[in-house]
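Participant: Next one to model:
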Amino acid sequence: MDGMQKCAAFLIQFWIRTGLLLVACCIFLGCAGGGTVGAFWATLTPETAEVPQLGTKVFEARTFNASTANVVWSLREGVAAGSIATNHTGGRYFATYTAPNQSGVFHLDATVTMTLEGGFYDSPETATITVP
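Facilitator: Alright, predicted model coming up:
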């Protein structure tokens, strides 16, 4: 087999295995079958941002397929990292970040708690913010 055939064979095997893993995850999470809770997840965007000193940036946490959710926002480095103001509408949660008057790399944490049939599930998400 030449290099192109090996590459094609590898990709075919990769996608077959990935597909089987996805099916197994769906069965485990209950997204197959009528009336069950489907797969759920949360996202935080953007995952990285550059914000000028004293500038602002809006971050969004979204939940998918959760009946109810709550997001707790925090700056890992505390008040030295700046400040956040939060609000939400529907399954969309927003944090308006205001950068400090100093440079650094900071971390905005969003802990998303979702309520589903059978319990509560946490999904910790983090955005990295660079202030030049």
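Participant: Please count neighbours and contacts with C-alpha atoms only from this point.
Facilitator: Will do.
Participant: can you pull the pLDDT of residue 117?
Facilitator: Residue 117 carries a pLDDT value of 70.
Participant: same question, the one 5 residues further on
Facilitator: Looking at residue 122, its pLDDT reads 82.
Participant: Same check on residue 131?
Facilitator: Residue 131 is given a pLDDT of 98.
Participant: Find the nearest non-adjacent residue to it, please.
Facilitator: residue 103 (4.8 Å; Cα to Cα, 6 or more residues apart in numbering).
Participant: Tell me how many other residues surround the one you found.
Facilitator: Residue 103 has 14 neighbours, counted by other Cα atoms under 10 Å.
Participant: ok, it - contacts?
Facilitator: Counting by Cα atoms under 8 Å, 6 or more residues apart in numbering, residue 103 touches 53, 130-132.
Participant: Where does the record place the domain boundaries for the protein?
Facilitator: Domains of the chain are assigned by automatic domain parsing as 1-38, 41-131.
Participant: Tell me where the model's unsure across the chain.
Facilitator: 1-40, 66-67 (pLDDT under 70).
Participant: rewinding a little: name the pair among the contacts of residue 103 with the greatest separation in space.
Facilitator: Using Cα to Cα, the contacts of residue 103 reach their maximum pairwise distance at 53 and 130, which is 9.6 Å.
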